[in-house]
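> Sequence first, predicted model second:
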Amino acid sequence: EACPEQPKALEMVQSDDNLMKKGEENWNYAMTLPERGDLVEKTTVRGSQFQTPLMEFSGACSGCGETPYFKLLTQLFGERMVIANATGCSTIWGGSFPANPYTVSKKTGRGPAWANSLFEDN
């Protein structure tokens, strides 16, 4: 035991099947919501936030400051975005096999292009 204190800060319990089912229902509902990016001007600050991000589930550390910027960049540039990345933290959450946080547009089936370099200067 890593924590000698009583009571423990975290206690592992069996997952409730009803909770899992409700989470699945919420996910399925969220996936049916329409995209509203075409209803607003994309080049405004407000309008950029209505664009569907092409980055999801990054696996970065909690509170990571990089991921909100990458999410915003995918909202601004979408499938036209090309990411040339030097090896570092964002390489780990941005391209670790078999997971990839970047997704594709529902309209075109295309997403950001991502490449990695072992060296600092791309």
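Everything's here; your move.
> where's stretch 28-46 relative to the chain centroid, distance-wise?
The gap between the average C-alpha position of stretch 28-46 and the chain average comes to 16 Å, counting by Cα atoms, centre = their mean, to the nearest Å.
> Would you mind pulling the contact partners of it?
Residues outside stretch 28-46 that contact it (Cβ atoms under 8 Å, 6 or more residues apart in numbering): 47-48, 50-52, 76, 106. The way it works is simple: take the backbone N, C-alpha and C, and place the C-beta from them, glycine included.
> With secondary structure, distance to Pro7 and pLDDT as extra columns, can I get those in a markdown table?
As requested, those are arranged in a markdown table below (DSSP: H, G, I helix; E, B strand; the rest coil; distance: Cβ to Cβ, whole Å; pLDDT from 0 to 100):
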| residue | secondary structure | distance to Pro7 | pLDDT |
| --- | --- | --- | --- |
| Gly47 | helix | 49 | 90 |
| Ser48 | helix | 46 | 89 |
| Phe50 | coil | 45 | 90 |
| Gln51 | coil | 46 | 90 |
| Thr52 | coil | 43 | 89 |
| Leu76 | helix | 47 | 90 |
| Lys106 | coil | 47 | 85 |
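> Reformat the residues you listed as a markdown table; add distance to Gly95.
Conversion of those to a markdown table gives the following (distance: Cβ to Cβ, whole Å):
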| residue | distance to Gly95 |
| --- | --- |
| Gly47 | 29 |
| Ser48 | 25 |
| Phe50 | 27 |
| Gln51 | 23 |
| Thr52 | 21 |
| Leu76 | 21 |
| Lys106 | 22 |
